[in-house]
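Student: okay, structure incoming, though there's no sequence with it:
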């Protein structure tokens with residue numbers, strides 16, 4: 001809770017409002033450099049001084065302090081200009097106007113503390129803000145900690161039967177000649193995996209290690225298929241539309257190689273058909289699940305080299321599928337500008353010359369299609385290059401949200417009336 005004192009005096013343009021957000025930074029071990037680890041959604045300033053602003057920040061102890069409770073953390077208030085947004089931003093009430101920060105924030109107040117100090121604070125405790133531009137305090141309205149459930153914890157509970165669906169992008173922007181080393185589908189003579197092979201093996205092998213069913217429905221999109229050579233936006237990698245199942249990761253990669261030889265890469269990049277087909281698979285599995293047994297849950301792993309051409313249609317299918325036991329992981333490969341996928345990301349890469357990118361956690365938006373928000377968060381996008389090509393780092397990032405997504409499905413299904 002932050003109480004506004006004097007006015008900030010900024011000029012407010014039409015359709016732009018003045019707001020404030022809380023940014024959390026972590027010091028390095030030398031206490032010389034600070035890194036942003038979390039921030040609240042921006043909140044509109046109250047109409048009169050003395051009124052309160054509610055700012056909520058959620059993070060992990062690992063992110064805040066790297067599990068070192070004595071590490072210094074900085075709570076910094078920033079003034080931001082906010083512009084009306086078409087999408088619902090996470091953290092805003094659905095009845096309130098939706099706003100996004102416009103441009104960087106301006107620091108107006110800061111206090112430095114530690115995780116150990118925050119642990120002993122009680123609701124109502126205050127931290128003084130030491131800046132002249134803000135006359136007030138940070139009041140801790142509610143402080144709470146909870147144990148995070150990891151991916152392995154959820155799978156080990158054996159309450160869910162995990163299944164995997166795979167989909168690969170066969171559009172020509174990948175590089176149509178797989179003999180060319182510049183093609184993202186290049187098949188190296190020495191057996192070195194290309195980006196598609198590496199991501200599929202790295203992610204799906206982890207998921208299959210905790211699945212009772214190693215069969216993988218596998219699809220491609222964006223290619224011209226024989227014999228008519230018409231473009232298909234969802235075709236079975238097995239070549240049999242009635243049996244898209246591959247028996248494990250090796251079978252999946254063999255079907256992928258066969259497909260490279262059989263189709264002509266084309267375009268555009270359309271994903272809605274794959275989402276729709278996967279939703280049908282999940283719905284049928286859900287209807288056929290035996291009562292009292294492990295609940296089915298699916299993870300769709302999609303690899304693409306470009307920005308989707310059917311963003312609105314894909315968003316519609318994802319919103320519809322948010323009621324199903326399904327998580328969607330979309331991995332971007334290659335050097336495409338993936339900024340249009342930003343709404344599906346919960347991180348932001350920070351590039352520094354000569355150094356690998358660092359990952360900054362950001363507030364993720366609620367997916368909205370035709371004015372309707374998704375029932376829960378089910379989609380995660382990540383670009384392989386943001387992790388320096390490190391498959392393990394990528395896997396850690398994209399698999400991390402799945403436990404909370406499974407739990408959100410449990411809560412959603414429990415709230416729905418039984419038929």
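Tutor: It's in. Bear in mind that the values here come from a model prediction, so they are computed numbers and not experimental data.
Student: in the stretch 251-400 of the chain, which spans are helices?
Tutor: 272-287, 311-321, 391-399 (DSSP state H, counting those that start in this stretch).
Student: between the first one and helix 311-321, how big is the angle?
Tutor: Orientation note: helix 272-287 sits at an angle of 10 degrees relative to helix 311-321 (axes from the mean of the first three to the mean of the last three CA atoms, to 10 degrees).
Student: list the helices and strands helix 272-287 packs on?
Tutor: Applying 3 or more CB pairs under 8 Å, 6 or more residues apart in numbering; DSSP states H and E, we find helix 272-287 packed against strand 160-169, strand 215-221, strand 295-304, helix 311-321, strand 326-332. C-beta: built from backbone N, CA, C; applies to glycine.
Student: 6 Å instead, please
Tutor: When contacts are defined as 3 or more CB pairs under 6 Å, 6 or more residues apart in numbering; DSSP states H and E, helix 272-287 sits against strand 215-221, strand 295-304, helix 311-321.
Student: next, the buried residues of that helix.
Tutor: By 16 or more other CB atoms under 10 Å, the buried positions in helix 272-287 come out as 272, 273, 274, 275, 276, 277, 278, 279, 281, 282, 285, 286.
Student: in TSV, list the helices and strands packed on helix 272-287 along with mean pLDDT and distance to residue 113.
Tutor: Formatted as TSV, the helices and strands packed on helix 272-287 follow (pLDDT from 0 to 100; distance: least, CB to CB, whole Å):
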stretch	mean pLDDT	distance to residue 113
strand 215-221	97	48
strand 295-304	94	39
helix 311-321	93	39
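Student: nearest to residue 64, of those?
Tutor: The minimum distance between residue 64 and the helices and strands packed on helix 272-287 falls on strand 295-304, with 28.4 Å, by CB to CB.
Student: which stretches of the protein have low pLDDT?
Tutor: Applying pLDDT under 70 to the chain picks out residues 1-15, 46-51, 62, 83-103, 122-158, 351-357, 415-419.
Student: got the helices of the stretch 251-400 of the chain as CSV, with distance to residue 373 columns?
Tutor: Listed next are the helices of the stretch 251-400 of the chain as CSV, based on distance: least, CB to CB, whole Å:
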stretch, distance to residue 373
helix 272-287, 17
helix 311-321, 7
helix 391-399, 22
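Student: if we can go back for a sec, out of the helices and strands packed on helix 272-287, which comes closest to residue 106?
Tutor: helix 311-321 (32.7 Å).
Student: what packs against the closest one?
Tutor: Under the contact rule (3+ CB pairs under 6 Å, 6+ apart), helix 311-321 is packed against helix 272-287, strand 368-369.
Student: now the ones you listed as CSV including distance to residue 265?
Tutor: As requested, the helices and strands packed on helix 311-321 are exported to CSV (distance: least, CB to CB, whole Å):
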stretch, distance to residue 265
helix 272-287, 16
strand 368-369, 28
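Student: between these, which one is closest to residue 310.
Tutor: Using CB to CB, the nearest of those to residue 310 is helix 272-287, at 5.2 Å.
Student: so which bits of stretch 230-242 are buried?
Tutor: Within stretch 230-242, the residues scored as buried using 16+ other CB under 10 Å are 231, 232, 233, 234, 235, 236, 237, 238.
Student: quickly run through the sheet partners of the host helix or strand of the first one, with directions.
Tutor: In this case it means residue 231. Take DSSP states H and E as the rule and residue 231 turns out to sit in strand 230-232. Its sheet considered, strand 230-232 pairs with strand 223-225 (antiparallel) by DSSP bridges.
Student: got a list of contacts for the strand it pairs with?
Tutor: 170, 231, 232, 235, 263, 264, 265, 266 (CB atoms under 6 Å, 6 or more residues apart in numbering).
Student: could you find the closest non-adjacent residue to the first one?
Tutor: In this case it means residue 170. Excluding its sequence neighbours, the residue lying closest to residue 170 (CB to CB, 6 or more residues apart in numbering) is residue 223, at 3.8 Å.
Student: what is the burial count for that neighbour?
Tutor: Using other CB atoms under 10 Å, residue 223 has 25 other residues around it.
Student: could you give the bridge partners of it?
Tutor: According to DSSP bridges, beta-bridge pairing links residue 223 with residue 232, residue 265.
Student: that one and residue 259, how far apart?
Tutor: 8 Å (CB to CB, to the nearest Å).
Student: likewise for residue 221?
Tutor: Using CB to CB, residue 221 is found at 11 Å from residue 259.
Student: try residue 227
Tutor: With CB to CB as the criterion, residue 227 and residue 259 are 15 Å apart.
Student: before we move on, the earlier item: as JSON lines, the buried residues of stretch 230-242 with distance to residue 65 would be great.
Tutor: Shown next, in JSON lines, are those (distance: CB to CB, whole Å):
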{"residue": "231", "distance to residue 65": "51"}
{"residue": "232", "distance to residue 65": "50"}
{"residue": "233", "distance to residue 65": "46"}
{"residue": "234", "distance to residue 65": "45"}
{"residue": "235", "distance to residue 65": "49"}
{"residue": "236", "distance to residue 65": "48"}
{"residue": "237", "distance to residue 65": "45"}
{"residue": "238", "distance to residue 65": "49"}
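Student: how about residue 376: what's its closest non-neighbour residue?
Tutor: That would be residue 408: by CB to CB, 6+ apart, it lies 4.2 Å from residue 376.
Student: quick one on the thing from earlier: any idea which of the helices and strands packed on helix 311-321 gets closest to residue 392?
Tutor: Among these, helix 272-287 comes nearest to residue 392, with 25.8 Å by CB to CB.
Student: quick one: residues in contact with the closest one.
Tutor: Residues outside helix 272-287 that contact it (CB under 6 Å, 6+ apart): 165, 167, 217, 219, 221, 233-234, 296, 298, 300, 310, 313-314, 317, 321, 324, 326.
Student: stretch 247-260 now?
Tutor: Outside stretch 247-260, the residues that touch it by CB under 6 Å, 6+ apart are 178, 185, 197, 201, 204-205, 214-216, 218, 220, 237-238, 246.
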